[in-house]
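Asks: predicted structure and sequence below. I'll ask about it afterward.
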Amino acid sequence: MMIKKDKIILLVGLMGSGKTSVGRRLAKKLNLPFVDGDQEMEKAAGLSLIDVLKCFGEKEYRAGEARVMKRLLQGSPCVLASGGGSFVAEQTRKLAKEHAITIWLKADIDILYNRTAGRKHRPFLEGAEDHLKNKLESYIQEEYPYYSEADIVVETKEEQVDNTVARVIAALEKAQDVFLGRK
């Protein structure tokens, strides 16, 4: 069965959940463009995400992220990897409901920790090396309730990215069948 490609496929989840790696391969499999929300924000700001946060603070960072997500969610069908916290913004969730199929790549604390430990490009984890697990746990508590509003939930595991992509495609096909009344 073919997946309808008339909407944006928006991947949401915490940093380290696999949005970019899964998104790139999913886009290739579905023959859709891939767009990375973080990269688009860096382009718009002309700065790295870490520098945006340092120079402007979290409030302006989030406002810029919301503007970028608004533009992207009103664009053409693609696979869009959202910035880690962007789905927390009410405006972004509302636009996503109108223009996208949302998929939460849900990861447990150990997977998130293993994928983010030692990474230097994550602005909201900078300086958290000594208490990374605690920081990730607090993000889970704060943000998972928002992610639970996604249309589809796919648990990410310690597995090959292509296996996760296959499970995302299966979940999309199943959701499409339900939506179209075939199951």
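Replies: That came in fine, so what should we check first?
Asks: drop to CA atoms for contacts and neighbour counts, all remaining ones
Replies: OK.
Asks: what is the neighbour count of V88?
Replies: Applying other C-alpha atoms under 10 Å, we find 19 residues neighbouring V88.
Asks: quick check on the closest residue to it other than its chain neighbours: phi, psi?
Replies: Spatial nearest neighbour of V88, excluding adjacent residues (C-alpha to C-alpha, 6 or more residues apart in numbering): Y146 at 5.7 Å. The phi and psi values for Y146, taken as degrees, to the nearest 10, are phi -70, psi -40.
Asks: any idea how far the residue positioned nearest the centre of the chain lies from G83?
Replies: Most central in the chain under C-alpha atoms, centre = their mean is V12, positioned 2.8 Å from the mean C-alpha point. Applying C-alpha to C-alpha, to the nearest Å, the value for V12 to G83 is 8 Å.
Asks: what does V161 give?
Replies: 19 Å.
Asks: where does the residue nearest to V88 land on pLDDT?
Replies: Model confidence at Y146, given as pLDDT, is 96.
Asks: and the gap between it and N31?
Replies: Taking C-alpha to C-alpha, one finds Y146 at 29 Å from N31.
Asks: shouldn't I101 be within a helix?
Replies: No: checked against DSSP: H, G, I helix; E, B strand; the rest coil, I101 lies outside a helix; its state is strand.
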